[in-house]
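J.: Return atomic coordinates for the entry below.
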Amino acid sequence: MRKVVLIPTYWAREAKVGWVEGDAVYDHPTPIDEEGTLQRTLESMKILDNKDFKLVILICPTTSEIEEQAEKQTLKIIEKAGLNAETYVFTLSDLRRIVSFFQSNKVKAKITKLLNMSGYANVRNMCLLCAEILAADTAILIDDDEVFELPDFVERITEFIGTRVYGGIVHGVAGYYLNKENRYYDDVEKEVWMTYWDRFGAKARAFDEIIGNEPRIKRTPFAFGGAMAIDRELFTCVPFDPEITRGEDIDYVINSRMYGFSFFLDKTLSIKHLPERKKHPQWKRMREDIYRFVYEKAKLNAQYKTSNMVMVSAEDFDPYPGEFLQDDLQEKIFRSNMMLAAKYMLEGDAEGSKEALNNISIAENDAQPKFDPFEHYCENQKNWEQLMVFIAKNRYELRKIMEENNLSKAPVERDEKSKRKLSEKEFLKNLKEAFPVEMNNETWELVMPLFFVKTFFEDEMVFQSGDFNDGLYVVLKGEVSILSASKGLPSGKLSEIARLYKGDILGESCLKYKTFANSGRAEQFTELIGIKAEDMQRLVEISPEFGVAFYQLVLAKTVNKIRSRNTEKLNKIDDITQ
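T.: Numbers count the residues shown, from 1 in each chain. Here you go, the predicted model:
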């Protein structure tokens, strides 16, 4: 499974300047003259047992005027954190180049308008865009104000992806936040004015019901954008709704359900959430919630039956957010803002009281969408699918844009036979990874000269049908598609019959058959560690213990490969007979 971890980091003008009219609005962006929380998040990732993922950090300034300073600050933080993972940054400049590439290929404007990195929903969509360009099977969304505390977080968040649970396929997995006191509740003091706007109470009931009870994994009406894994089948079909300004994560659960996908929450999957203190006044935060819930309620109410969608209701998302999508939403808004206005008046804050009362009018007028939100989202969903198809067809060119900001990319030196030159330390690390055999250093030094590493770039042919098959290989990284000429295809055209991933074996028939029956192509940057057929027997002569262990591993990998292919064939038969 190819995993991409995506972390947006939000940057604002200098602290003394603050927010300026026209800037994007985020809860707590880091002023460019401060360091913020990103470094803490990256350093906490060092505890992860599994770093077999690509990490993308999306730099999201509130205005293009500070994008250069935001990039410098982010790069400085990444370098200081020193995380041992393949790391990319994605910038506004990268996005502009991608937009330009779409436009030069005559992609329709209604599709390219989705390429936007302003606002939470658009930022999340750009996370999914990066995941698709990097050919991810699973996109893991994390926020820059979190701390990893589970060493097996990556394994745990991807464990159920693609599996069947309680009659449904798991296309989305949600974890949950722990606060500074290691509790999953919001750090909020309940106040009298919240009597009719008991959002945090509804959330607590939902958390107790879903997080606090067995079984470990269950369908969920909510999700957290900073602890979310999305399967490729889902993220290439369903986008975040660009029209929603807040709560884009829970809205995504609603949209996914409309298209027949379900999110499941894993009650063992937590991450520490330590956000900066929110600086906006309560009436302002309340207003953001009003826009959000009024819009979502309108989208639910505007649904109509279509052949490829599922009708959902507010009750499907009880107790949260369902309780705020019911017919009494306007009454909730009226009563709670009247009480909030009274609170401000008692505190002598006339301006706050005025703005709280203004919320009532906004809920009835400005917050009401001036278009059909359901049809509008359906149109965006169709455009998103076309956008994803375009990326798949042009991944090589788009990948080159992202690779320019691959901070982990080391120059690749290889000879005319694609053999890569590596330091002895790097080579030994690769060898031990491919063949995890317990041996002393002296034995490793004896057998190491018999092995070599071959490197192939995306779309490069690893071997052609009829090529001499003189060695056995294990995939170190990347993936190789096995291609064959099939009946019904034009001459010279090949179809994929299998795909090899990290740890898979290739060329195991070299001792019997001296040519490849099929062809192999690198689907992304790929490295193989190999040994010539004639040298395999020498392993036993040099170290009988290592030689026996080597052949046992090769046999086990070969058996697994055969079983996997047989399973695929049986699945195809099942598909035909059902």
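J.: what's the helix or strand for residue 128?
T.: helix 120-133 (DSSP states H and E).
J.: tell me what that helix is packed against?
T.: strand 3-12, strand 54-61, strand 86-90, strand 138-142, helix 232-235, helix 248-258, helix 373-393, helix 395-403 (3 or more Cβ pairs under 8 Å, 6 or more residues apart in numbering; DSSP states H and E). (Each C-beta comes from the backbone N, C-alpha and C, glycine too.)
J.: hey, C-alpha coordinates of the fifth one in PDB?
T.: Right, helix 232-235. C-alpha atoms of helix 232-235 as PDB (Å, rounded to 0.1, in the frame of the first residue of the first chain):
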ATOM      1  CA  ARG A 232      -7.900   6.100  -3.300                       C
ATOM      2  CA  GLU A 233     -11.300   4.800  -4.500                       C
ATOM      3  CA  LEU A 234     -13.000   7.400  -2.300                       C
ATOM      4  CA  PHE A 235     -10.700  10.500  -2.700                       C
END
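J.: quick one: average confidence on that helix?
T.: The pLDDT scores in helix 232-235 average 96.
J.: Stretch 465-479 too?
T.: 89.
J.: what comes up buried for that stretch?
T.: Neighbour counts using 16 or more other Cβ atoms under 10 Å place 469, 471, 472, 473, 474, 475, 476, 477, 478, 479 of stretch 465-479 among the buried residues.
J.: rewinding a little: tell me how far the helix holding residue 128 is from the chain's mean position?
T.: Distance of helix 120-133 from its chain centroid, counting by Cα atoms, centre = their mean, to the nearest Å, is 8 Å.
J.: that older thread, for the helices and strands packed on helix 120-133, which one sits closest to residue 463?
T.: helix 395-403 (20.1 Å; Cβ to Cβ).
J.: on that earlier part again, with distance to residue 272 and mean neighbour count as new columns, can the helices and strands packed on helix 120-133 be given to me in CSV?
T.: What follows is those, written out as CSV (distance: least, Cβ to Cβ, whole Å; neighbours: other Cβ atoms under 10 Å):
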stretch, distance to residue 272, mean neighbour count
strand 3-12, 15, 24
strand 54-61, 18, 25
strand 86-90, 21, 21
strand 138-142, 12, 26
helix 232-235, 25, 22
helix 248-258, 17, 23
helix 373-393, 32, 17
helix 395-403, 29, 16
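J.: would you turn the ones you listed into TSV with distance to residue 198?
T.: TSV is the format used below for the helices and strands packed on helix 120-133 (distance: least, Cβ to Cβ, whole Å):
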stretch	distance to residue 198
strand 3-12	29
strand 54-61	32
strand 86-90	39
strand 138-142	28
helix 232-235	31
helix 248-258	17
helix 373-393	25
helix 395-403	44
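J.: Can I get the helix holding residue 128 as PDB, trimmed to CA atoms?
T.: Presented in PDB, the C-alpha positions along helix 120-133 are these (Å, rounded to 0.1, in the frame of the first residue of the first chain):
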ATOM      1  CA  TYR A 120     -10.000  24.800   4.600                       C
ATOM      2  CA  ALA A 121     -12.000  22.700   2.100                       C
ATOM      3  CA  ASN A 122      -9.800  23.800  -0.900                       C
ATOM      4  CA  VAL A 123      -6.700  23.000   1.100                       C
ATOM      5  CA  ARG A 124      -8.000  19.600   1.900                       C
ATOM      6  CA  ASN A 125      -8.700  19.100  -1.800                       C
ATOM      7  CA  MET A 126      -5.100  20.100  -2.600                       C
ATOM      8  CA  CYS A 127      -4.000  17.400  -0.200                       C
ATOM      9  CA  LEU A 128      -5.900  14.900  -2.200                       C
ATOM     10  CA  LEU A 129      -4.500  16.300  -5.400                       C
ATOM     11  CA  CYS A 130      -1.000  15.700  -4.100                       C
ATOM     12  CA  ALA A 131      -1.900  12.200  -3.000                       C
ATOM     13  CA  GLU A 132      -3.100  11.400  -6.500                       C
ATOM     14  CA  ILE A 133      -0.100  12.900  -8.300                       C
END
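J.: pLDDT averaged over it - what is it?
T.: 97.
J.: Distance of residue 272 relative to residue 174?
T.: 16 Å (Cβ to Cβ, to the nearest Å).
J.: who has more neighbours, the two?
T.: residue 174 (26 against 18; other Cβ atoms under 10 Å).
J.: got the buried residues for stretch 215-227?
T.: Buried-residue list, stretch 215-227, by 16+ other Cβ under 10 Å: 217, 218, 219, 220, 221, 222, 223, 224, 225, 226, 227.
J.: Could I get the residues you listed in CSV, plus columns for secondary structure?
T.: As requested, the buried residues of stretch 215-227 are exported to CSV (DSSP: H, G, I helix; E, B strand; the rest coil):
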residue, secondary structure
217, strand
218, strand
219, strand
220, coil
221, coil
222, coil
223, coil
224, coil
225, coil
226, coil
227, strand
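J.: now these in TSV, with pLDDT and distance to residue 421?
T.: Listed next are the buried residues of stretch 215-227 as TSV, based on pLDDT from 0 to 100; distance: Cβ to Cβ, whole Å:
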residue	pLDDT	distance to residue 421
217	95	46
218	94	51
219	94	51
220	95	50
221	94	54
222	94	51
223	95	46
224	93	45
225	93	43
226	94	41
227	96	41
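J.: Centroid-nearest residue for the protein?
T.: residue 139 (1.9 Å; Cα atoms, centre = their mean).
J.: contacting residues for the nearest residue to that one once chain neighbours are set aside?
T.: Using Cβ to Cβ, 6 or more residues apart in numbering and skipping residues adjacent in sequence, the residue nearest residue 139 is residue 131, 3.8 Å away. For residue 131, the contacting residues are 4, 6, 56, 139, 232, 235, by Cβ atoms under 8 Å, 6 or more residues apart in numbering.
J.: From residue 227, how far off is residue 131?
T.: From residue 131 to residue 227 the distance is 16 Å (Cβ to Cβ).
J.: distance between stretch 527-543 and the chain's centre?
T.: Taking mean C-alpha positions (Cα atoms, centre = their mean), stretch 527-543 and its chain are 39 Å apart.
J.: I misspoke; the intended subject was stretch 70-88.
T.: 19 Å.
J.: what's the average pLDDT for it?
T.: On average, stretch 70-88 scores 92.
J.: now swap in stretch 312-326 and tell me
T.: 95.
J.: Can I take it that residue 520 is in a helix?
T.: No. Secondary structure of residue 520 (three-state DSSP): strand, not part of a helix.
J.: hey, what's it bridged with?
T.: residue 463, residue 482 (DSSP bridges).
J.: Tell me the pLDDT of it.
T.: 93.
J.: what's it in contact with, if anything?
T.: 461, 462, 463, 480, 481, 482, 483, 500, 506.
J.: can you tell me how far it sits from residue 465?
T.: Taking Cβ to Cβ, one finds residue 520 at 9 Å from residue 465.
J.: can you list the domain ranges for the chain.
T.: According to automatic domain parsing, the chain comprises the domains 3-403, 424-577.
J.: list the contacts for the spatially closest residue to residue 308 that is not a sequence neighbour?
T.: Spatial nearest neighbour of residue 308, excluding adjacent residues (Cβ to Cβ, 6+ apart): residue 259 at 7.3 Å. By Cβ under 8 Å, 6+ apart, the contact set of residue 259 is 237, 238, 308, 309, 310, 381.
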